[in-house]
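**Q** sequence first, predicted model second:
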Amino acid sequence: MSKLEIFAKTAPLLGSNKAQEYLASHEALGWSLDRARPGWGADTERYSAPVPRPGGPRRAYEVASFGRRLAAYVLDAGVPYAVVLVLWVALGGYRDTASTLGSFYLLAIVAYLVWSWTTQGGTLAMAALGMRIEADDGRAVRFGPAAVRLVVLGLMQVLAFFVLVAAVLLFLYSFEPGRLSVPVVALILAFIVGGVAVLYLALRGPRYWHDRLSHTVVVRRDLRAAARPRDG
């Protein structure tokens, strides 16, 4: 039996303010007394991940910031893509070579992300920047939610790409002699504004659409240990 469980049983009987405060502080953080992580014994003194409690705080960890997550994405996806581009140029820059390398890159990055999320708790870049991905209940992410997360994230990236392309085209064709007509300009502007609005809503708040739909959360690893209470 853990010390926290002993406090839970003896505090009401002994009337110890210290014991009651100790128990209350742990309950406020959301630590569960009756739920253990897989692989932990019943007599262990380690605690399970925070569980949602009605009327109480949902999590005891701090959600990772947008800046950290963006940096991790650039390292995970952007750096390998740059390597593929360099390799493509080195091989002569042929169209067939580009298709082959592009397909290989896409399959490799999809497999890497799903494998990292489901087995490692995050990618190498996420670990280097002090982040971890997990399910809402603190458990490891399963394949199904990881696939949902990847699909939603991919759709958001496709939308962002087309918004960027539309903005570039609108700028390039705003001058003579290839100036666009007013209806075309209005249509492109409407697409840009609508796309930006959707992306804003998708990335608003500490948890984004791909987090919510896959029931996952990206937390700070360095604050995870600090938030976990200890005995003694």
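**A** Arrived safely, thanks for sending.

**Q** excluding sequence neighbours, find me the nearest residue to residue 72.
**A** Excluding the flanking residues, the one nearest residue 72 by Cβ to Cβ, 6 or more residues apart in numbering is residue 125, at 4.1 Å. Glycine gets a C-beta too; all of them are placed from N, C-alpha and C.

**Q** tell me which residues of the helix or strand harbouring that neighbour are tucked away?
**A** Using DSSP states H and E, the element containing residue 125 is helix 124-128. Residues of helix 124-128 classed as buried: 125, 126 (neighbour count, 16 or more other Cβ atoms under 10 Å).

**Q** now stretch 151-162
**A** So stretch 151-162, judged by 16+ other Cβ under 10 Å, has buried residues 152, 153, 156, 159, 160.

**Q** what's the spacing between the residue nearest to residue 72 and residue 208?
**A** Distance from residue 125 to residue 208, counting by Cβ to Cβ, to the nearest Å: 17 Å.

**Q** also residue 190?
**A** As defined by Cβ to Cβ, residue 190 lies at a distance of 24 Å from residue 208.

**Q** poorly predicted segments of the chain, please.
**A** 1-61, 222-232 (pLDDT under 70).

**Q** all helices for it, in order.
**A** Remark: helices assigned in the chain by DSSP state H are 3-14, 17-29, 66-73, 79-90, 95-115, 124-128, 143-172, 182-202, 209-214, 221-227.

**Q** helices and strands around the fourth one, which ones?
**A** Spelled out, that is helix 79-90. Contacts defined by 3 or more Cβ pairs under 8 Å, 6 or more residues apart in numbering; DSSP states H and E place helix 79-90 against helix 95-115.

**Q** what is the helix it packs on packed up against?
**A** In terms of contacts (3+ Cβ pairs under 8 Å, 6+ apart), helix 95-115 is packed against helix 79-90, helix 143-172.

**Q** let me know which of those helices is tucked in deepest.
**A** The highest average neighbour count among the helices and strands packed on helix 95-115, using mean count of other Cβ atoms under 10 Å, belongs to helix 143-172 at a mean of 15.

**Q** domain ranges for the protein?
**A** Annotated domains of the chain cover 3-60, 66-226 [automatic domain parsing].

**Q** okay if I get the helices of the chain as CSV plus distance to residue 136?
**A** Output for the helices of the chain, formatted as CSV (distance: least, Cβ to Cβ, whole Å):
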stretch, distance to residue 136
helix 3-14, 23
helix 17-29, 16
helix 66-73, 17
helix 79-90, 30
helix 95-115, 18
helix 124-128, 18
helix 143-172, 9
helix 182-202, 18
helix 209-214, 9
helix 221-227, 15
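
**Q** and of these, who's closest to residue 134?
**A** Closest approach to residue 134 among the helices of the chain (Cβ to Cβ): helix 221-227, 9.5 Å.

**Q** can I get the buried residues of stretch 151-162 in TSV with distance to residue 93?
**A** Formatted as TSV, the buried residues of stretch 151-162 follow (distance: Cβ to Cβ, whole Å):
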residue	distance to residue 93
152	33
153	30
156	30
159	29
160	26
